[in-house]
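A.B. asks: only geometry, no sequence info:
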């Protein structure tokens, strides 16, 4: 059944909505035994009943704004799983394609698709590749290459080039058939495979290499024209300047043709192909025509075994070597990417690129070999061009061209003077065909300009975004043409083909190396997304191709290779530092994942060792940005070296909170990445805070990479939060100790939670609060839900609305305190009150802080409890222990008066603190006392106070000592007291923690799991 537009017009593909911002069309239907519901007619035809589930369709898998079709929006899992609602609107969620900051090339603007020129595999790939490979080298340098290297090594030169290009062609075929290929050529292939770092660096280098290639082709043509001018004595200035003048005029004309558009350029390509084929046929026909006297004097003798045999061995001259000759020839093979470079202008890039490229490599390789062997079998290396240089009886004929002597010509003078003819001297040996060089740059300028445009659209290099703009129906990169023109003119002014050719050889080889490595890398990652339609490739062959390219680069010119890789590394570092906001699903991500899993599995089989202990912290921050001071301090412990999990417990019915929890997962992780906090975010939904934290403690982490330390903020509002909240908080501490976690509590006088200040930025926050009518108390780390307590609403409104001066000042102090661990700490001390041996965690954590740049000016001061009369001995023992641990401290203090009873005013503060939570059953009779205990089992009994009087007084006394000794410290670290389960009530324990840390600088209460985390053994 087809879907009808809401306006009554035309039929649509039923797999997608007409417009992402319009609701879908439903039909009203009654089914027997079911309620009256709205359904999509397109699904009824498939299943015969009302369902929002959709049949598989390609439109569901398109990127937003896809060039090749409309993007459909499938029903979300929530829409299928939630309680059915009659009116349901499925809209495009606005997801961008995982592409560039301005959309992927897949998501290009297609508002005007009419008139676009699209090519098939013959015109778009085969013809272009052949034209680029059959370049100036075929007609101007091939004879020189075989003259220098001989046809034996000459075949090796061609074969090595073909091996490199064939392997690269196979790798490229695999990459470009692994999904839709858009404009951008080699840059697109590499960037989408290896990521923006490699793609951005090599894309810029390859674009530059292609621009220089334009200069090479133009200079080749200019050499031909200048030779013709020399023959007719018509030089304008001199030979080198005439090459520059002709080259500049030529490239201006070519720019005009390119600006006219791809369609005109494509038509010129066909004409060029015909001329080129005629020229090549002309070469073969010319070799079988009997040689005239004039041709013989210039070294052409027709097919002769003696000439062919003599030209077999190399005869390198003028400092040339095999690899220098190879460097000059190799650009002839660099046209294999000509088809891929215009991938955006192909009708079916996936089919066209492999077929056209590989066939072009085969045809051109055979052509090069055939032409070269024909030349090697017919032309000697040196000839004078003088028809009178004949062999005279009695005159020695001992020049390099022995074959010429046997054929009656004496070119001995070439050993003394430089001759103008022969394989070694006449670069225009195939001059009749060299006019092809005029058309060669015609195909190079447009494809070169595609690179800057694709690269600039991705906005990886901000400075190049100017060149992203296209013009006309084909989105012609006019600005890119001009940039290519400027670069080409700069290199045309060099005026020497042999100088230009090696420059681009390294750039092309670097590009080919990365294309091969991309194929190997994607295959090695074994990602399920790597499913190329082209199957005739091998990952190890691709790796061999990459290594071969690298080796050849260094052999050709080691300093140029180093320069090429130096530029590439600098560009790579630039892109890595800038971190462009793109996600193309690269193989680098896949390999990173595989490596992470492999390393995690290898760690799982290794037992923990005290020397390798590092804090892996599970920090209960709530939302990642809710408690910045807590997160920053935890991050200081683990940054770069340990695991940090920022966790949030969503309290309430799952049906109400799961959507917010799911939405917050990615949002919080992105915020952590954006603020450069190297941590992971995790959230759980539970009916109460303690159960959620228990789930996190038990299930967080992977193998050995799991938390070993719980970090939590002190509950400042414990006296007003209610019994359930306090029991839940203390229960979490008990659970952490039960699960053998180290436990860390951070207290800052101003508080930790800045969520109300974050929400103040939300203009709709107050309205959201007012709309909720129900009342529900908040847990310690609960987030805003659909139910709020009246007094909490009033409190939040007083902070978020127009605030009194006093509240504003409190907020200001809170914000200042929340950022104190993010900035560099002033000169001062970290005072460590290591009162109980917990395995060393109380000492290790502050030591780790001193190794961070922000804390480098803070010195450790150690405080220990000692017995009266032996303070010096206790100090020496601790000094010796710290020396063995290799932990430096500025001072060691022995406190030998901890046992003294606290001052009366301090005890009064404690009494006032716990008074509302005491049962006071001592003044009642036994029956009344039992009744009171049953009604309020959570309250502090007189018996409990009596039993733990000494321990309670110890906390009060410690606070007095902390006030005396550590009031000016940057951070205080104190051994956390432990409350025995079912012996110490939750409120008494909270009173201990509160009175111990009251009115102090930022304080950490630490208790290790009593397993050693420090050792002095090597």
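C.D. replies: Now that the structure is in, tell me what you want to look at. The structure displayed is predicted, hence computed values, not measured ones. Residues are numbered from 1 along each chain as shown.
A.B. asks: so what's residue 916 closest to, chain neighbours aside?
C.D. replies: Distances taken as C-beta to C-beta, 6 or more residues apart in numbering put residue 719 closest to residue 916, at 7.0 Å, once the chain neighbours are dropped. Quick note: C-beta positions are derived from backbone N, CA and C, even for glycine.
A.B. asks: quick one: that neighbour and residue 914, what's the gap?
C.D. replies: As for residue 719, its distance to residue 914 is 9 Å (criterion: C-beta to C-beta, to the nearest Å).
A.B. asks: out of these two, which sits in the busier spot?
C.D. replies: Between residue 719 and residue 914, counted using other C-beta atoms under 10 Å, the more crowded position is residue 914 (21 against 16).
A.B. asks: Apart from its chain neighbours, what residue comes closest to the residue positioned nearest the centre of the chain?
C.D. replies: In the chain, the centroid-proximal residue (C-alpha atoms, centre = their mean) is residue 195; its distance is 5.7 Å. Nearest residue to residue 195 in three dimensions, chain neighbours excluded: residue 586, at 3.6 Å (C-beta to C-beta, 6+ apart).
A.B. asks: Residue 1010 too?
C.D. replies: Nearest non-adjacent residue to residue 1010 (C-beta to C-beta, 6+ apart): residue 839, at 5.1 Å.
A.B. asks: For that neighbour, which three-state class applies?
C.D. replies: Reduced to three states with DSSP: H, G, I helix; E, B strand; the rest coil, the structure at residue 839 is coil.
A.B. asks: tell me the contacts of it?
C.D. replies: Neighbour list for residue 839: 1008-1014 [criterion: C-beta atoms under 8 Å, 6 or more residues apart in numbering].
A.B. asks: backbone phi and psi for it, please?
C.D. replies: phi 100, psi -10 (degrees, to the nearest 10).
A.B. asks: just to revisit the earlier point, surely the residue nearest to the centre of the chain touches residue 591?
C.D. replies: No: under the contact definition of C-beta atoms under 8 Å, residue 195 does not touch residue 591, with a separation of 10.4 Å.
A.B. asks: Would you mind listing the buried residues in the helix or strand residue 247 falls within?
C.D. replies: If you go by DSSP states H and E, residue 247 is part of helix 239-259. Judged by neighbour count (16 or more other C-beta atoms under 10 Å), helix 239-259 contains these buried residues: 242-248, 250-251, 254-255, 257-259.
A.B. asks: my read: residue 459 touches residue 581, true?
C.D. replies: No: using C-beta under 8 Å, residue 459 is not in contact with residue 581, being 9.0 Å away.
A.B. asks: of the two, who's got more company?
C.D. replies: residue 459 (16 against 12).
A.B. asks: any idea how far residue 196 is from the more buried one?
C.D. replies: In terms of C-beta to C-beta, residue 459 sits 10 Å off from residue 196.
A.B. asks: Next, show the common contact partners of the two.
C.D. replies: With C-beta under 8 Å, 6+ apart, residue 459 and residue 196 have common neighbours residue 580.
A.B. asks: can you list the weak-confidence ranges in the stretch 851-1000 of the chain?
C.D. replies: 922 (pLDDT under 70).
A.B. asks: Apply 80 and report the result again.
C.D. replies: Applying pLDDT under 80 to the stretch 851-1000 of the chain flags residues 920-929.
A.B. asks: where does the closest residue to residue 408 other than its chain neighbours fall, phi/psi-wise?
C.D. replies: Closest residue in space to residue 408, ignoring its immediate chain neighbours: residue 391 at 5.2 Å, by C-beta to C-beta, 6+ apart. Main-chain torsions, residue 391, degrees, to the nearest 10: phi -70, psi 120.
A.B. asks: hang on, isn't residue 391 packed against residue 403?
C.D. replies: No: assessed by C-beta under 8 Å, residue 391 is found out of contact with residue 403, at 11.9 Å.
A.B. asks: re earlier: and what about the residue nearest to residue 916, helix, strand or coil?
C.D. replies: coil.
A.B. asks: how much space between residue 423 and residue 719?
C.D. replies: Applying C-beta to C-beta to residue 423 and residue 719 gives a distance of 100 Å.
A.B. asks: swap that for residue 630, please
C.D. replies: In terms of C-beta to C-beta, residue 630 sits 21 Å off from residue 719.
A.B. asks: that older thread, do I have it right that the residue nearest to residue 916 meets residue 912?
C.D. replies: No: the pair residue 719 / residue 912 is not scored as a contact, 10.4 Å apart, by C-beta under 8 Å.
A.B. asks: for the helix holding residue 247, packing partners?
C.D. replies: helix 196-231, helix 262-288, helix 436-457, helix 478-492 (3 or more C-beta pairs under 8 Å, 6 or more residues apart in numbering; DSSP states H and E).
A.B. asks: Would you single out the least confident of these?
C.D. replies: In terms of average pLDDT, helix 436-457 trails the rest of those, at a mean of 48.
A.B. asks: Tell me which other helices or strands the helix or strand harbouring residue 944 touches.
C.D. replies: For residue 944, the enclosing helix or strand under DSSP H and E is helix 942-947. Applying 3+ C-beta pairs under 8 Å, 6+ apart, we find helix 942-947 packed against no helix or strand.
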